[in-house]
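Asks: here's a sequence, model it:
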Amino acid sequence: MFGGLGYGEILLIFLIVLLLFGARRIPEIAQGLGKGIREFRKALHEVKDEIESTGGEDEGEEHKKLAG
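Replies: Predicted structure coming up:
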């Protein structure tokens, strides 16, 4: 299923997390994890856009340096 983990293993991991953190903390942890993933994707998208917007200019200069 998920990276070779079956339903039984996922259930066991969930129960261990539930015992360690408690039912009240799990939504807080999930919310923080979601925000972190969202910020990471946003930053990754911004870097990708920056590379694409400056990529054409840098390649032209690189070819001039190599040819000259």
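
Asks: give the other helices and strands that the longest helix along the chain contacts.
Replies: If you go by DSSP state H, the chain has its longest helix at helix 25-67. In terms of contacts (3 or more C-beta pairs under 8 Å, 6 or more residues apart in numbering; DSSP states H and E), helix 25-67 is packed against helix 7-21. In short, each C-beta sits where N, CA and C put it, glycine included.

Asks: pLDDT on the helix it packs on, on average?
Replies: Computed over helix 7-21, the mean pLDDT rounds to 90.

Asks: list the buried residues of that helix.
Replies: Applying a neighbour-count criterion of 16 or more other C-beta atoms under 10 Å, helix 7-21 contains no buried positions.

Asks: quick check: angle from that helix to helix 25-67?
Replies: Using axes from the mean of the first three to the mean of the last three C-alpha atoms, to 10 degrees, the direction of helix 7-21 lies 110 degrees away from that of helix 25-67.

Asks: which helices and strands sit right next to helix 7-21?
Replies: helix 25-67.
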